[in-house]
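**Q** Build the 3D model from these lines:
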Amino acid sequence: MSGFSAAPERGPAILDDVVAVHLEAFPGFFMAQLGPRFLREYYRCVEEYPQGILLAEMNEQGCVGFVAGFINPSEFYRNLRNRRIRLALAAGAGIAARPQRLITMFANYRRAGHTARQVPAPDTAELSSLAVLPSAAGHGAGTRLVQRFIAAAKTMGAAQVALTTDTNGNDAVNRFYRKLGFACVRTFKARRGRLLNEYVLEIGKARSCANPS
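**A** This is a model prediction of the structure:
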């Protein structure tokens, strides 16, 4: 696959692309179940956050992947909580389709509140979302997106990039981040016993890996 380029990083077009890729890449995940309106509102929060990073990977067919995140996670989650009414309204269709999703949404809201109360970390960038269309997998799009995210975070003053991903049944993703130089600093239990690995990369230690597998 060839002809990749960077998409514009602001505006309605990239939000539409990001939502479409997210829905196709993560159809069974909770945020996707809340529907496209919720996803658009969430990624709008990333886009409008002064230290937000939202990058797309394009080819001749259009957007095939994106990466999203932000500098100083506690400040971002404070901003997110300030938009809780807009986010809740945007999630209305997904909640109406399955009301028990409200329990999970409330748990996520409480977790965001916990992060919002943490000490500010202006030297930390959180990579919150990385998605590539299944049809574009295996051509290095994910690697390019992570490397562009690292470069953007460094330009914005970050000294490290952090992320979390599932521990179990997720070997390829864990291997992907390790090959890019991320170190697993802890494994912890999240909601309903879900195990997550937390990875950290000190800026400047990223490895070049054209096609991790």
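**Q** Pick out the residue nearest the middle of the protein.
**A** Closest residue to the average C-alpha location of the chain: S129 at 1.4 Å, with C-alpha atoms, centre = their mean.
**Q** That one: what's it in contact with?
**A** If you count contacts by C-beta atoms under 8 Å, 6 or more residues apart in numbering, S129 has them with H22, F66, V67, A68, G69. Quick note: C-beta positions are derived from backbone N, CA and C, even for glycine.
**Q** As TSV, the residues you listed with pLDDT would be great.
**A** Below are the contacts of S129 laid out as TSV (pLDDT from 0 to 100):
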residue	pLDDT
H22	97
F66	97
V67	98
A68	97
G69	97
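**Q** for this structure, what spans make up the helices?
**A** Under the criterion DSSP state H, helices of the chain are mapped to 12-25, 30-33, 36-48, 73-82, 84-90, 92-97, 101-116, 141-155, 171-179.
**Q** Out of these, the one nearest E198 is which?
**A** Proximity to E198, assessed across the helices of the chain by C-beta to C-beta, is greatest for helix 171-179 (10.6 Å).
**Q** A91: which of the contacts of S129 is nearest?
**A** So of the contacts of S129, ranked by how close each gets to A91 (C-beta to C-beta), first place is H22, at 14.3 Å.
**Q** Just give me the neighbour total for that closest one.
**A** Counted with other C-beta atoms under 10 Å, residues neighbouring H22 total 22.
**Q** how near is it to T165?
**A** For H22, the distance to T165 (C-beta to C-beta, to the nearest Å) stands at 16 Å.
**Q** which one of the helices of the chain has the lowest average pLDDT?
**A** Looking over the helices of the chain, mean pLDDT reaches its minimum on helix 101-116, with a mean of 57.
**Q** Would you check how far apart A137 and V173 are?
**A** Taking C-beta to C-beta, one finds A137 at 12 Å from V173.
**Q** what does A152 give?
**A** Counting by C-beta to C-beta - A152 and V173 are separated by 21 Å.
**Q** how about CSV for the helices of the chain, with distance to R192 added?
**A** Below are those laid out as CSV (distance: least, C-beta to C-beta, whole Å):
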stretch, distance to R192
helix 12-25, 22
helix 30-33, 11
helix 36-48, 21
helix 73-82, 21
helix 84-90, 22
helix 92-97, 18
helix 101-116, 9
helix 141-155, 27
helix 171-179, 20
